[in-house]
Structure formats: C-alpha cells, structure tokens
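> give me a model of this one.
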Amino acid sequence: MIDRIVASVEEAVAGIHDGATILIGGFGGAGQPNELIDGLIAQGARDLTLVCNNAGNGETGIAALLKTGRVRKIMCSFPRQADSHVFDGLYRAGKLELELIPQGNLAERIRAAGAGIGAFFSPTGYGTQLAEGKETRHINGRDYVLEYPIHGDFALVKAERGDRWGNLVYRKTARNFGPVMAMAARCTIAQVRETVGLGELDPETIVTPGIFVRRVVAVGGALPPVPARAGDRT
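Numbers count the residues shown, from 1 in each chain. This is a model prediction of the structure:
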C-alpha cells in the first residue's frame, strides 16, 4: 500500500544530508514551508546549497536557516529586501556564496530539470555580468545565453492539502515554485495544512501528482480570513 504520509516534521526531514542541494518553495512568505525549514534547522544538516526565490525576511524561515551558518551557497532571484539583514551580513562577511539568477531563468532552469531538458537558450541576461563565462548564440536575429537545469537532492514545498499517495493541491499564490520544484528533486517533502482520504481531492485540482512526492506531513493551521468586500451581506 502506498502511503507517503509521515507522522511528524522530524520524520519528514530525516535523511537530509550534509552538502545537499535543497529547493525551497515560496515567493516571499507565500508558500514558504516554514515548519519544514524549522525541522531542517533542528535536524542539523550543514554545508547546504539553497535554491529559492528570496533569501529570507527578518529572522524566520529561510533567514533563520541562514543564521545557523550551515548554508554554503544560495541561488535566488531576490536576495535583498528591507529586512534581509541576515543575508546581508553573511554575504558581506564572505560567509555565504550567492548565485543571482533572473526569476524567469530560475523557474525555467528548475522546470528543465524536472522535464529532462539538458539545457536551453534564454535571452535574459545577455550582455550583462550574469552571462559572463556562459555560451551564447545568435538565433533568428536575437542573442541568447545557454542555461543549465537546476536539480535538487531535496525539495521542501508547502501545499494546502495532500493524500496518502502524495497528490497535492495548493492555495492560490502559495502555489508559485512548488510544482516545478517537486518535479526537479530526487526527494520532495511537502507540508500540508491537512491530509485527506483517497478520492477526496478533485482530480481536476491536483497540481502536483503523487509520483513526484516522497513524504507528506500535516502541520495544521487555520486558513486566513477572507476580507469582506463592499456589497457583501453580513
């Protein structure tokens, strides 16, 4: 019987090894798997490479993981925000390597890994420092840069609901990088608000099929309230 549901966050992150490349979903706070990140902090793996959109806010989530000093490199699109002082301090001190990747290229490099694409040409970054050392080609009157897939040893993603087969549905924009990251990692670990029985997920709403998911853990938590709109009846 296929059952990918595990009982705890500790069990979910077990086996993440030193030196691993970890894809972490999220766009800012939306879709960031904070409970799994906290579990990884407690688990103790080090010398990690993180692949994510942002480099953390404040001192929670990804920023908290960076603060432990156990991340060697981060590959992301937006490392700096007003409250990214943890990243700033580590980077300026030479304690953290950064590979800056345009957001579209980041998403496509991850997607390419899951789709089995060996490499692709993108116009983004041509003629800039981001293209230094990379192969370029002139195609149909336009210049392109050769980009390679980003594979992960593990992916940590956040979904709304999941079943024991590992099928996942997401909540609105919390979907962001989760689906492509789940396809690009050898072991995808998903935290969900709730687990449901087989058949309770409408097949038309399943975004990440269970074939791409290794572990599912329910972390609970209520949905945020929906703001009232003008004209709504009370």
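
> so where do the strands sit in the chain?
Taking DSSP state E, the strands of the chain run over residues 21-24, 48-51, 71-76, 97-100, 120-122, 136-139, 142-147, 152-162, 168-169, 185-195, 215-218.

> now do the fourth one, average pLDDT.
What it means is strand 97-100. Per-residue pLDDT values over strand 97-100 give a mean of 97.

> direction included, what does it pair against?
strand 71-76 (parallel) (DSSP bridges).

> tell me who's in contact with Leu23.
51-52, 110, 150, 152, 154-157, 177, 181, 184-185 (C-beta atoms under 8 Å, 6 or more residues apart in numbering). In this view, the C-beta of every residue, glycine as well, is placed from N, C-alpha and C.

> beta-bridge partners for it, please?
Bridge pairing for Leu23 - DSSP bridges - gives Val51, Ala155.

> for Ile74, see how far away it is.
12 Å (C-beta to C-beta, to the nearest Å).

> wait, what's in contact with Leu48?
Listed by C-beta under 8 Å, 6+ apart, the contact set of Leu48 reads Asp18, Gly19, Ala20, Thr21, Ile22, Leu65, Arg70, Val71, Arg72.

> quick one, which of those residues are buried?
Ala20, Thr21, Ile22, Leu65, Val71 (16 or more other C-beta atoms under 10 Å).

> which pLDDT value goes with Gln81?
So, for Gln81, pLDDT stands at 81.

> the one 4 residues further on now?
The confidence metric pLDDT takes the value 94 at His85.

> that one: neighbour count?
Neighbour count of His85, defined by other C-beta atoms under 10 Å: 16.

> same question for Gly44.
Residues contacting Gly44 under the criterion other C-beta under 10 Å number 11.

> residue contacts, it?
Arg70.

> got the phi and psi for Ala93?
Note on Ala93: backbone dihedrals following degrees, to the nearest 10 are phi -90, psi 0.

> distance of Leu50 from Gly127?
Distance of Leu50 to Gly127, given as C-beta to C-beta: 28 Å.

> over to Ile41?
With C-beta to C-beta as the criterion, Ile41 and Gly127 are 40 Å apart.

> these two: which is more packed in?
Ile41 (16 against 10).

> so how far is Lys95 from the closest residue in space to Asn57 that isn't next to it in sequence?
Nearest non-adjacent residue to Asn57, counting by C-beta to C-beta, 6 or more residues apart in numbering: Asp83, 5.1 Å away. For Asp83, the distance to Lys95 (C-beta to C-beta) stands at 19 Å.

> for Gly39, same thing?
As defined by C-beta to C-beta, Gly39 lies at a distance of 23 Å from Lys95.

> neighbour-wise, which of the two wins?
Legend: neighbour count by other C-beta under 10 Å for Gly39 and Lys95, higher for Gly39 (23 against 12).

> give me the number of residues near the closest residue in space to the more buried one that isn't next to it in sequence?
In space, and not counting its chain neighbours, Gly39 is closest to Val9: 3.8 Å by C-beta to C-beta, 6+ apart. The tally of other residues near Val9 (other C-beta under 10 Å) stands at 22.

> from Asn57, how far off is Val9?
As judged by C-beta to C-beta, Val9 and Asn57 stand 21 Å apart.

> just for the protein, where's the confidence low?
221-234 (pLDDT under 70).

> what's the longest helix in it?
Ranked by number of residues, the top helix in the chain under DSSP state H is helix 103-115.

> so what secondary structure elements neighbour it?
strand 120-122, strand 142-147, helix 178-184 (3 or more C-beta pairs under 8 Å, 6 or more residues apart in numbering; DSSP states H and E).

> which of those sits closest to Thr205?
Judged by C-beta to C-beta, the one of the helices and strands packed on helix 103-115 that comes nearest to Thr205 is helix 178-184, at 12.6 Å.
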